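In: Provided below are the primary sequence and the corresponding predicted coordinates.
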Amino acid sequence: MIANVTYSYPDPEFWAEYVELWNNSLHQPVFKSPNYIRYLADRYRDSLAIFRYMPAGKLKAAIFFRKEGQEYRLLTDVKADHNFFVIHKECTQEEIYSFFKLFLAAVKKEKWSVSLLVQPSWASYADTFTLAAQASGLYWNISERSVCPILEEESPEKLFENLNSSRELRYRVNRIKSQLNGEFEIFRGDEDLDNWLTRFTELHGIRWNNTNTPSRYTTEEGIKFLKNCLLSWIQDNTLVRFSVKVKGERIGFVICLIQQNSLIHHSTAYDDTYYKYSPGKALILVIAEWMKNNGLNILDFGEGKEEYKYSYTNKEHVLNQISISNYSNFSFILKSKLKNAIREKMNGNPRLKQFIKEKLKPIALRSKV
């Protein structure tokens, strides 16, 4: 069988095959890294579904889903800035098209309604996916959901030069060092993780709870979830934690993730008491120096149009939402079209956009973990 769908937690043989697949995949997406995806598969095993593509008996692609209500969503939608598919880098264009064709045939056969959030428009296979979808006979809708601002330079040295040329960033670093006797920390493993995490979640809650993106880490369950994510990324050797310590207490944090030649600026927190010192901005320059020393030339600021990102980026990638189902699923199609209409309406109506961001979105985010 070239492809199949399973609804149970995989056996050890599959996980060994998946490690090999991910290590040799087109984009090596950090939000699909082996230990991270395995943790999520275990966490959501009661609603798990996996599509496997196995030409000649070898695993060449895999997609992990979880059922949420009446929809199937990517397993990593619970915590991801963008969701690349995991496809073997040696796949030909014909094989990639076959993978998508068979996946869409499985959606039709299984009568799934699929919502794919934060899909990277710049993925190398994006056009092939669209061609397969257009020929599938399924309802297919693609719309812009968000953006991903990035700073990309031709080399790690150029990236550091770019950010180091900012007088403001240099000033922030020097001021923390000279006036606060601050210490900048960089961790790749689980060094002092519990204390680091306790302080991070405390400040994250204070910082974000009164915004349109409230913290998910104010409960014991939310903190446990984040810790398991960090431990998984440590096992996958993709996590870098940056922080600022003043008088024995940490006042600024950035969780970063390595994805090939890029570093994703994934999650931040800082002590508002020190807002005039801008520990978050100071850490951007510390991050840039670490990237120079570790050969990374793309600083990816993750999903979202937060204003501060555009002071340090030179490109903006589009993140799409894709909805797929049989035409017989009228309620899903109607809901998909309604969401698109609301999104278009929001773009022309700032008050409506503000209401949705400040009132409706926080409710949805709190229920995600």
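Out: Nice, I can see it.

In: can I get the CA coordinates of the top strand by length along the chain in CSV?
Out: Counting residues, the longest strand in the chain under DSSP state E turns out to be strand 139-152. Coordinates of each C-alpha in strand 139-152 appear next as CSV, following Å, rounded to 0.1, in the frame of the first residue of the first chain:
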residue,chain,number,x,y,z
TYR,A,139,-14.1,21.9,-1.8
TRP,A,140,-10.9,23.8,-1.4
ASN,A,141,-10.4,27.3,-0.1
ILE,A,142,-7.2,29.1,0.6
SER,A,143,-7.0,32.5,2.3
GLU,A,144,-4.4,34.7,4.0
ARG,A,145,-4.5,34.1,7.8
SER,A,146,-1.5,36.0,9.1
VAL,A,147,2.1,36.9,8.3
CYS,A,148,5.6,36.0,9.4
PRO,A,149,8.1,38.9,9.4
ILE,A,150,11.7,37.8,9.0
LEU,A,151,15.2,39.3,8.8
GLU,A,152,17.2,37.5,6.1
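
In: which non-adjacent residue is nearest Leu40?
Out: Leu75 (5.1 Å; CB to CB, 6 or more residues apart in numbering). Where C-beta positions appear, they are placed from N, C-alpha and C, glycine not excepted.

In: and the one you found, how far from Lys111?
Out: Using CB to CB, to the nearest Å, Leu75 is found at 20 Å from Lys111.

In: compare those two and say which is more crowded by neighbours.
Out: Legend: neighbour count by other CB atoms under 10 Å for Leu75 and Lys111, higher for Leu75 (25 against 10).

In: ok, now which ones touch the more buried one?
Out: Going by CB atoms under 8 Å, 6 or more residues apart in numbering, Leu75 touches 37, 40-41, 44, 48, 64-66.

In: apply 6 Å and report the result again.
Out: Residues near Leu75 by CB atoms under 6 Å, 6 or more residues apart in numbering: 40, 64-66.

In: which pLDDT value does the model give the residue nearest to Leu40?
Out: Note on Leu75: pLDDT of 98.

In: distance-wise, check it relative to Gly302.
Out: The value you get for Leu75 to Gly302, if CB to CB is used, is 19 Å.

In: again, but for Ile258
Out: 13 Å.

In: pass me the low-pLDDT residue ranges in this structure, would you?
Out: Where the chain drops to pLDDT under 70, the residues are 343, 345-369.

In: please repeat the previous calculation with a cut-off of 90.
Out: Applying pLDDT under 90 to the chain flags residues 1, 207-215, 330, 335-369.

In: mind listing the strands for it?
Out: In the chain, the strands defined using DSSP E lie at 3-6, 48-53, 61-68, 71-74, 86-87, 113-120, 139-152, 183-187, 239-246, 249-259, 262-270, 298-300, 315-325.

In: could the ones you listed go into JSON lines alongside mean neighbour count and distance to Arg216?
Out: Shown next, in JSON lines, are the strands of the chain (neighbours: other CB atoms under 10 Å; distance: least, CB to CB, whole Å):
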{"stretch": "strand 3-6", "mean neighbour count": "14", "distance to Arg216": "29"}
{"stretch": "strand 48-53", "mean neighbour count": "22", "distance to Arg216": "21"}
{"stretch": "strand 61-68", "mean neighbour count": "21", "distance to Arg216": "16"}
{"stretch": "strand 71-74", "mean neighbour count": "20", "distance to Arg216": "17"}
{"stretch": "strand 86-87", "mean neighbour count": "24", "distance to Arg216": "25"}
{"stretch": "strand 113-120", "mean neighbour count": "20", "distance to Arg216": "16"}
{"stretch": "strand 139-152", "mean neighbour count": "18", "distance to Arg216": "17"}
{"stretch": "strand 183-187", "mean neighbour count": "16", "distance to Arg216": "22"}
{"stretch": "strand 239-246", "mean neighbour count": "23", "distance to Arg216": "18"}
{"stretch": "strand 249-259", "mean neighbour count": "23", "distance to Arg216": "13"}
{"stretch": "strand 262-270", "mean neighbour count": "24", "distance to Arg216": "10"}
{"stretch": "strand 298-300", "mean neighbour count": "23", "distance to Arg216": "21"}
{"stretch": "strand 315-325", "mean neighbour count": "19", "distance to Arg216": "19"}
